[in-house]
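1. Sequence below, structure please.
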Amino acid sequence: QVQLVESGGGLVQPGGSLRLSCVVSAFTLEYYTIGWFRQAPGKEREGVSCISSADGSTYYGDSVKGRFTISRDNTKNATYLQMNSLKPDDTAVYYCKLTTTLGTGYWGQGTQVTVSS
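-> Predicted structure coming up:
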């Protein structure tokens, strides 16, 4: 059974940092593209970042470029999102998503990130 389990969310002050983790089971992560999405209250889910299985290339949404860094540890079957210089607009539920070569997507349950003073 495929499972993606996120952790690392929480409450942080503006300008602070958090590191999100997503551990994948039932798939060998190194063969798949994996990404992070977020959904704020009343807004659509948006892509934040992803990392390719083919060459390790990365993508970042415009709103997080220069502040967030995605990485993966294939030995732990995990991906991480380092978030620095957090802003109140970064407040959302963050989800990781694994996409198979056939285009099937698997989602985690999400982890809440709240940026507030």
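
2. Who is the residue nearest the centre of the chain paired with across the strands?
-> In the chain, the centroid-proximal residue (CA atoms, centre = their mean) is residue 36; its distance is 2.8 Å. Beta-bridge pairing of residue 36 under DSSP bridges involves residue 49, residue 96.

3. From residue 65, how far off is it?
-> According to CB to CB, to the nearest Å, residue 36 stands 14 Å off from residue 65. Placement of C-beta: from N, CA and C, glycine included.

4. on that earlier part again, which residues does the residue nearest to the centre of the chain contact?
-> Applying CB atoms under 8 Å, 6 or more residues apart in numbering, one finds that residue 36 lies in contact with 20, 22, 47-50, 70, 79, 81, 94-97.

5. if you set the cut-off to 7 Å instead, what comes out?
-> Contact analysis of residue 36 by CB atoms under 7 Å, 6 or more residues apart in numbering lists 48-49, 70, 81, 94, 96.

6. Name the nearest of these relative to residue 29.
-> The nearest member of the contacts of residue 36 to residue 29, counting by CB to CB, is residue 96 at 10.4 Å.

7. Before I go, just wanted to say thanks for your time.
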